[in-house]
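> Give the three-dimensional model of this entry:
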Amino acid sequence: MNISKKAFSKTLCVLLTAVLLVGTLASCMGESAYDIAVRNGFEGDEEEWLESLRGDNGKDGKDGKDGINGENGKDGVDGKDGKDGKDGLSVGNDASAAASIGLRSAVSVFSFFEKTEYAGYGREPNVTTYTSAGAGVIYKLDKSKGDAYIITNYHVVYDKSSNTSDKISKDIKLYLYGQHYDEKEISAQFIGGSMNYDIAILKVSGSEVLKNSDVLAVTLVDSDRVAAGSMAVAVGNPESGGISVTSGVISVDSEYVDIASPKGSGTIEMRVMRIDTPVNHGNSGGGLFDANGRLIGIVNAKTEKEGIDDFGYAIPANVVYAATENIIHNYEKAGRSGLYKATIGMGIQLTDSSAVFDPEKMQTLICDNIVVSEVTAGSASDGVFKAGDKLISMSCGDLTRDVRRLFTPIDFILALSEGDEITFKIERDGEIITLSIVLKAEYFSKIA
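All right, here's what the predicted structure looks like:
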């Protein structure tokens, strides 16, 4: 699928955030979520803190007014009772609620590498061991077996100087929050990833640490509905010092930036969310959470250009979900490593865009009008779509997305696999109709 990016600007000079270390890991005991709340100004015991995380109940609606008297002495009909107000959201007035949940799905990631350096003719080569530090989140979890899938950044487990043939670490260790010591290390295996999407998936099998922990898997939100100004709490492993929390807001809900390639030359264009949440070297791969502790993105970069402060970046949750499902499917079902993306031969373009205020959620969201611009002859879309069709929604199985933004269709298709059927709701000549496409194996190709 081709997309026209008229509505997006490009930000330059964005640097990857993995940090290289030489030596051994240091022990580090982390703070509890309650400790963090106290440090941020909360006064009271732990029970009072937990109680503070609950929102207030909404107020009851007012009773309706009695109807006016009817003619000829008949009583008028009574007015309807007002509806009860909704319960308040279960969030605190700061980042503590988001942190309490986010910390339970967080891991610090240490990727060990070896590289061979040649000092000159006649001299023995020198083999150096070094480490890349980052973070990750638990995506799927079976505590009874001690099994899990972990999401992190590709550049956390990849190094261009490594002796391994694919430059991916073969020795990856994870630590849960509050358990940064050798007896609690968890071994993980890289099962697949994509450099262009900066996503890597790790697998943990039979971990006794996981079995006996209080961890949980993340809950993802529809990042197309994350508004600028929303709370954004980052949980990561800055400077390899152990898992920590920072908070801020979403500055820009979606933009395209050029990020330095892990290969050491050139750049990769990525769609990201911009945040003012402080992130540093080692935050790479860590989760970005909303006020309810739900995952809205994976932190992957920051701007280090002089004169620019607090420009951090995160891969939106919808992209994270799509890439992760794709990689896990190829590992479990197809027995191959990597990300395979479908091309259906449909070009789309933005014809109008506006900001719409939602008074119920108190959010202002951007809404795009997306139409089909062209259809490639002989493709999956040929004979199904016509130029000018307006895209309204897309569905496959239990997954449905309203096409609210220009990037929604391409994110949606990334999550799908061979044999999946996509159902499109479109508007054509003023009529709402439903169309479908079945994704054949021939439509897929591997993405670096």
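> all helices of this structure, in order?
Under the criterion DSSP state H, helices of the chain are mapped to 33-39, 46-52, 96-102, 154-157, 208-211, 317-332, 408-414.
> Quick one, which of these gets closest to Ser111.
Comparing the helices of the chain by their distance to Ser111 (Cβ to Cβ), the top pick is helix 154-157, with 4.7 Å. Quick note: C-beta positions are derived from backbone N, CA and C, even for glycine.
> Contacts for the closest one, please.
The contact list for helix 154-157, computed with Cβ atoms under 8 Å, 6 or more residues apart in numbering, reads 16, 18, 109, 111, 132-136, 168-169, 172, 190, 193-195, 197-200, 202, 262, 284-285, 300.
> Which among the residues you listed count as buried?
Buried residues within those, defined by neighbour count using 16 or more other Cβ atoms under 10 Å: 16, 18, 109, 111, 132-136, 168-169, 172, 190, 193-195, 197-200, 202, 262, 284-285, 300.
> Reformat the helices of the chain into TSV and put mean pLDDT, distance to Lys361 and mean neighbour count next to each item.
Converted to TSV, those look like this (pLDDT from 0 to 100; distance: least, Cβ to Cβ, whole Å; neighbours: other Cβ atoms under 10 Å):
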stretch	mean pLDDT	distance to Lys361	mean neighbour count
helix 33-39	55	26	17
helix 46-52	56	23	14
helix 96-102	92	17	25
helix 154-157	98	34	28
helix 208-211	97	36	16
helix 317-332	97	17	23
helix 408-414	96	19	22
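> Glu239: which of the ones you listed is closest?
Set against Glu239 and scored by Cβ to Cβ, the helices of the chain come closest in helix 154-157, at 14.0 Å.
> quick revisit: filter the contacts of helix 154-157 down to just the ones in strands.
Using DSSP state E, 16, 109, 111, 132-136, 172, 190, 193-194, 199-200, 202, 300 are the members of the contacts of helix 154-157 that sit in strands.
> So of those residues, which two are at opposite extremes in space?
Ala133 and Ser194 (21.0 Å).
> and which of the ones in strands among the contacts of helix 154-157 is nearest to Val384?
Nearest member of the ones in strands among the contacts of helix 154-157 to Val384, counting by Cβ to Cβ, is Ser194, at 28.0 Å.
> who does that closest one bridge with?
Bridge pairing for Ser194 (DSSP bridges) gives the partners Ile199.
> Now do it against Glu269, distance only.
With distances taken as Cβ to Cβ, to the nearest Å, Ser194 is found 14 Å from Glu269.
> and what of Asp171?
Distance from Asp171 to Glu269, counting by Cβ to Cβ: 31 Å.
> what about the two, which has more around it?
Regarding Asp171 and Glu269, a neighbour count based on other Cβ atoms under 10 Å identifies Asp171 as having more, with 14 against 11.
> so the more buried one bridges to which residues?
With DSSP bridges applied, the residues forming beta bridges to Asp171 are Phe112.
> Low-confidence regions, the chain specifically.
Low-confidence segments of the chain, defined by pLDDT under 70, are located at 1-43, 45-93, 306-308.
> Try it again at 80.
For the chain, the stretches flagged by pLDDT under 80 are 1-94, 119-122, 304-310.
> Outline the domain layout of it.
Each domain of the chain is listed here as a residue range: 1-55+89-337, 339-447, per automatic domain parsing.
> Of those, which stretch is the most buried?
domain 1-55+89-337 (a mean of 19; mean count of other Cβ atoms under 10 Å).
> ok, now how distant is the closest residue to Glu325 other than its chain neighbours from Tyr130?
Across the structure, with Cβ to Cβ, 6 or more residues apart in numbering as the measure, the residue nearest Glu325 apart from its sequence neighbours is Ala415 (4.7 Å). Distance of Ala415 to Tyr130, given as Cβ to Cβ: 35 Å.
> before we move on, what about Val109?
As defined by Cβ to Cβ, Val109 lies at a distance of 15 Å from Tyr130.
> first to last residue in stretch 394-412, what's the distance?
End-to-end distance of stretch 394-412: 8 Å, with Cα to Cα, to the nearest Å as the criterion.
> mind checking how far that stretch is from the chain centre?
Mean C-alpha position of stretch 394-412 versus that of the full chain (Cα atoms, centre = their mean, to the nearest Å) differs by 15 Å.
> For Val249, name its beta-bridge partners.
Met231.
> same question but for Ile426, I mixed them up
Under the criterion DSSP bridges, Ile426 forms beta bridges with Leu391, Ile433.
> is it true that it touches Ile432?
Yes - A contact is recorded between Ile426 and Ile432 when judged using Cβ atoms under 8 Å, the distance being 7.4 Å.
> so what sits against both of the two?
Applying Cβ under 8 Å, 6+ apart, one finds that Ile426 and Ile432 are jointly contacted by Ile392.
> ok, so what distance separates the spatially closest residue to Ala98 that is not a sequence neighbour from Tyr149?
In space, not counting the residues next to it along the chain, Ala98 is nearest to Val233; the distance is 4.2 Å by Cβ to Cβ, 6+ apart. As for Val233, its distance to Tyr149 is 22 Å (criterion: Cβ to Cβ).
> and what of Asp310?
31 Å.
> Ile243 now?
Relative to Tyr149, Ile243 is positioned 19 Å away (criterion: Cβ to Cβ).
> cool, Gly236 as well?
Going from Gly236 to Tyr149 by Cβ to Cβ gives 19 Å.
> these two touch, right, Phe424 and Phe412?
No - because the distance of 10.0 Å does not satisfy Cβ under 8 Å, Phe424 is recorded as not touching Phe412.
> Name the residues contacting each of these two.
By Cβ under 8 Å, 6+ apart, the residues touching both Phe424 and Phe412 are Met394.
> Thank you kindly, that will do.
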